[in-house]
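Trainee: need a structure here:
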Amino acid sequence: MGYTSKKENVMLFLSALEDILTYLGYKINERGIIAAADIYRNESKI
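Mentor: Modelled structure (predicted):
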């Protein structure tokens, strides 16, 4: 998918997105980073 889709960039993006949405008053369940980490963890087992 390209250089910008590296794990580090995806995690940084999700973290920033959650911060921005929270700042704007949106209620989020903050599971995006956890879900992404789970996917990366399961992917490394393949």
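
Trainee: switch to C-alpha atoms for all contacts and neighbour counts from now on
Mentor: Will do.

Trainee: where does this protein have low pLDDT?
Mentor: Within the chain, the set of residues satisfying pLDDT under 70 comprises 1, 44-46.

Trainee: ranges for the helices of it?
Mentor: Applying DSSP state H to the chain gives helices spanning 7-23, 32-43.

Trainee: same for the first one, what does it pack against?
Mentor: Helix 7-23 sits against helix 32-43, with contacts defined as 3 or more CA pairs under 8 Å, 6 or more residues apart in numbering; DSSP states H and E.

Trainee: just to revisit the earlier point, would TSV of the helices of the chain with mean neighbour count be doable?
Mentor: TSV is the format used below for the helices of the chain (neighbours: other CA atoms under 10 Å):
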stretch	mean neighbour count
helix 7-23	13
helix 32-43	12
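
Trainee: any idea how far E8 lies from T22?
Mentor: 21 Å (CA to CA, to the nearest Å).

Trainee: cool, and N29?
Mentor: N29 is 10 Å from T22, where distance means CA to CA.

Trainee: same thing with Y3?
Mentor: Relative to T22, and taking CA to CA, Y3 is found at 28 Å.

Trainee: ok, I28 - contacts?
Mentor: 18, 21-22 (CA atoms under 8 Å, 6 or more residues apart in numbering).
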